[in-house]
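Peer 1: here is a sequence with its predicted model. Questions after.
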Amino acid sequence: MNILILGSGGRECTLAWKLAQSNKTENLFIAPGNAGTSAYGKNLSLNPNDFETVKKEVLQHQIQMVIVGPEDPLVNGIHDFFLLDDLLKNIPVIGPQKYAAQLEGSKEFAKEFMYRHNIPTAKYESFTAETLEKGYLFLESLDAPYVLKADGLAAGKGVLILNDLQEAKDELKEMLTNKKFGDASTKVVIEEFLDGIEMSTFVLTDGENYVILPNAKDYKRIGEGDKGLNTGGMGAISPVPFADTKFLNKVEERIVKPTINGFKKDHISYVGFVFIGLIKVNNEPLVIEYNVRMGDPETEVVIPRIKSDLVDLFIATAEKKLDKFKLEIDTRSATTVMLVSGGYPEAYEKNKEITGLNAVENSIVFHAGTTLKENRIVSSGGRVLAITSFGNNFKEALAQSYLNIEKIHFDQMNFRRDIGFDL
Ligand code: AMP
Ligand code: GLY
C-alpha cells in the first residue's frame, strides 16, 4: 500500500518509523517531513494546508491512504475535501472531518459536546465582546485562579490562568475587545479551575468502535519543575504510573464511551485519533480538552509501545473493523526527552549542525525540527529531536535517554533534565 503522512514533526517521524516496519507498506511518503523521515520514506515538499497540491501528489504517487498528523489541515477540512472529490473520495483519510475537528478548533464546541453527553469537565460559560459585562459577573462568581480560554486555535497560547480577579477582568477585555489572540479570541470560554494532575488518553475510532492506545503524560513547560513558558512539549512518559486499572476504568466508562457514543448520537462520522487531555481530581477523571490528532511528543512514546502492525490498525479503522482488532501493547515503559533550540519557545537560531547521532545506542532518535543541508543534519525548528527509550520502569527508560543525550550535540542545545520529576 502507498501511504502519505502529512506533517513534519516528531509525531510524523514516529508514525513514519512505525509504518515503515510493516510489510504492507509499499511506498511511504511524508509531506513535508524532515531529515529523519527521509530515512523511512520519500519527503514531498508541500504545505499540508494546500489541498490542491496534496491532491496532485496523491494522484501522482497513487496514494492509497492518508494519515493527517497536525490539527490545522483537519480543522481546515482536508477530510471533507477528499470526500467531495471524485478522484479522492475512496482514499481513506485517518483524521476527522471539519465539523468534528471543532472539538479541537473551538473550546465552546468541545464544552457543549461534553455537557450534552454528560462527560465530566470543569463548569464554564462563554462570552463575546457584547457580553463582556456578563463575563465580569461570571468571574466574580468564581474563586481564584481564573481560567480564560480563547475559543479558537491559538497555537497552544490561548489559555490564561490568573490569580487576581482584576487582572482576569482586564485580560478578558483584552481578549474580547482588543483581539489579543486575533480571531481566536472573538469568543472566550471562562472555566472553573481544576486542581489535580494531568495525563492524556489516546483513542483511535472508526466511528463505531474504538481501541484505547497507551496513555501518556507530557511536560509542557520549558523550565525544570514545570516553570516558565509553555512549549509544544519537552518530554513524555508512557504509561502514566498513577493511572491504575480502577482509574482507567473510570476513564473508559465515563469519558471514552460517552465520547464515542456522543459522536453517534450527534451523527458525527469520526474516523481518526481522539486525544483526551484529562485531569485527575480526588481520583476522579475530568476532561480538560479534546484534540483531534495524536499528541507531540506523546506519539514518540505511545506509538513505540504498540506492537501490532500500524498499517493493519489503520486499515481496520478505515474499514470500520476495529471491534475485531486485537491491539498488542509492549508492557515496558517508554520515555522521550526533547532536545530544543536555545531560546525556544521564544526567538531561537536555526541551522545548527547536529552531531553524535550515530553514537546513540539502545534509544530511538525521532527528528522533529531538522533538515538536510549538503548532507549534514541541521536544526530547523524549536523542537529539534526526541530521544525515546524503553525500560522496565520510567526511571530506567529515562536514564537511557539521558545517557544517549550526552553523545548528541548542537550549538545552544537545551533540554529538561527532570522529566518525570512529579511522579
Ligand atoms: P487547554 O489548551 O485547554 O488544554 O489548556 C492548556 C493547559 O491549561 C492545560 O494543559 C492545563 O494545564 C491548563 N488548564 C486548562 N483548563 C484548566 C482548568 N479548568 N483548570 C486547571 N487548569 C486548566
Ligand atoms: N503535547 C501536547 C499536544 O500535542 O498538544
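Peer 2: All right, it came through fine. Ligands and ions are numbered 1, 2, ... in the order given.
Peer 1: from here on, contacts and neighbour counts on C-alpha atoms
Peer 2: Will do.
Peer 1: so which residues on the stretch 201-350 of the chain come close to ligand 2?
Peer 2: Residues of the stretch 201-350 of the chain lying close to ligand 2 (CA under 6 Å from any ligand atom) are 218, 232, 233, 295, 296, 297.
Peer 1: can you check the pLDDT for the second one?
Peer 2: According to the predicted model, the pLDDT of residue 232 comes to 91.
Peer 1: does it touch residue 296 like I think?
Peer 2: Yes: applying CA atoms under 8 Å as the test, residue 232 and residue 296 come out as touching, 7.1 Å apart.
Peer 1: which of these two has more neighbours?
Peer 2: residue 296 (24 against 19; other CA atoms under 10 Å).
Peer 1: and the pLDDT at residue 285?
Peer 2: 98.
Peer 1: swap in residue 209?
Peer 2: Predicted confidence (pLDDT) for residue 209: 97.
Peer 1: give the buried residues for the helix or strand bottoming out on mean pLDDT in the chain.
Peer 2: Every helix and strand in the chain was compared by mean pLDDT, DSSP states H and E; the lowest is strand 227-230, with a mean of 91. Neighbour-count burial for strand 227-230, counted by 16 or more other CA atoms under 10 Å, picks out residue 230.
Peer 1: can you show me the CA trace of the helix or strand that that strand is followed by as CSV?
Peer 2: Using DSSP states H and E, the next helix or strand after strand 227-230 towards the C-terminus is strand 235-238. Extracted in CSV, the C-alpha atoms of strand 235-238 (Å, rounded to 0.1, in the frame of the first residue of the first chain):
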residue,chain,number,x,y,z
GLY,A,235,9.2,15.2,27.1
ALA,A,236,6.7,12.4,27.8
ILE,A,237,6.2,9.2,29.7
SER,A,238,4.0,6.1,28.9
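Peer 1: residue 270 is in contact with residue 204, correct?
Peer 2: No: Residue 204 is beyond contact range of residue 270, at 9.6 Å (criterion: CA under 8 Å).
Peer 1: which one in the protein is furthest away from the centre?
Peer 2: Distance from the C-alpha centroid of the chain peaks at residue 133, with 34.8 Å (CA atoms, centre = their mean).
Peer 1: strands of the stretch 101-250 of the chain, start to end?
Peer 2: Counting by DSSP state E, counting those that start in this stretch, the stretch 101-250 of the chain has strands at residues 124-128, 146-150, 159-162, 187-191, 197-205, 210-212, 217-218, 221-223, 227-230, 235-238.
Peer 1: out of those, which is the most enclosed?
Peer 2: Greatest average neighbour count among the strands of the stretch 101-250 of the chain goes to strand 235-238 (a mean of 30), per mean count of other CA atoms under 10 Å.
Peer 1: from the residues of the stretch 201-350 of the chain next to ligand 2, which is closest to residue 172?
Peer 2: Lowest distance from residue 172 to these (CA to CA) belongs to residue 232, with 24.1 Å.
Peer 1: how close does that closest one sit to ligand 1?
Peer 2: Using CA to the nearest ligand atom, to the nearest Å, residue 232 is found at 11 Å from ligand 1.
Peer 1: let me see the contact set for that residue.
Peer 2: By CA atoms under 8 Å, 6 or more residues apart in numbering, the residues touching residue 232 are 156, 220, 296, 297, 383.
Peer 1: distance to residue 354 and pLDDT for those residues - can I get that in JSON lines?
Peer 2: As requested, the contacts of residue 232 are exported to JSON lines (distance: CA to CA, whole Å; pLDDT from 0 to 100):
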{"residue": "156", "distance to residue 354": "27", "pLDDT": "73"}
{"residue": "220", "distance to residue 354": "24", "pLDDT": "93"}
{"residue": "296", "distance to residue 354": "21", "pLDDT": "97"}
{"residue": "297", "distance to residue 354": "20", "pLDDT": "98"}
{"residue": "383", "distance to residue 354": "13", "pLDDT": "98"}
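Peer 1: check the stretch 151-300 of the chain for the residue nearest ligand 2 and tell me.
Peer 2: As assessed by CA to the nearest ligand atom, ligand 2 sits closest to residue 295 within the stretch 151-300 of the chain, at 3.3 Å.
Peer 1: could you say which helix or strand contains that residue?
Peer 2: Per DSSP H and E: residue 295 is located in neither a helix nor a strand.
Peer 1: that one is in contact with residue 10, isn't it?
Peer 2: No: counting by CA under 8 Å, residue 295 does not reach residue 10; the two are 9.9 Å apart.
Peer 1: what about the two, which has more around it?
Peer 2: residue 10 (32 against 27).
Peer 1: leaving out sequence neighbours, find the closest residue to that one.
Peer 2: Spatial nearest neighbour of residue 10, excluding adjacent residues (CA to CA, 6 or more residues apart in numbering): residue 368 at 4.0 Å.
Peer 1: give me the number of residues near the one you found?
Peer 2: 31.
Peer 1: need the pLDDT of it.
Peer 2: 98.
Peer 1: again, but for residue 155
Peer 2: 76.
Peer 1: same check, this time on residue 423
Peer 2: 89.
Peer 1: same check, this time on residue 267
Peer 2: 96.
Peer 1: that older thread, within its sheet, name the partner strands of the least confident helix or strand of the chain and how each one runs.
Peer 2: Note on strand 227-230: by DSSP bridges, its sheet partners are strand 221-223 (antiparallel).
Peer 1: could you give the average pLDDT over the partner strand?
Peer 2: So the average pLDDT for strand 221-223 ends up being 95.
Peer 1: so what touches that strand?
Peer 2: Residues from elsewhere that reach strand 221-223, judged by CA under 8 Å, 6+ apart: 227, 228, 229, 230, 231, 233, 234, 344, 345, 416.
Peer 1: picking up where we left off before, distance of the residue nearest to residue 10 relative to residue 360?
Peer 2: 17 Å (CA to CA, to the nearest Å).
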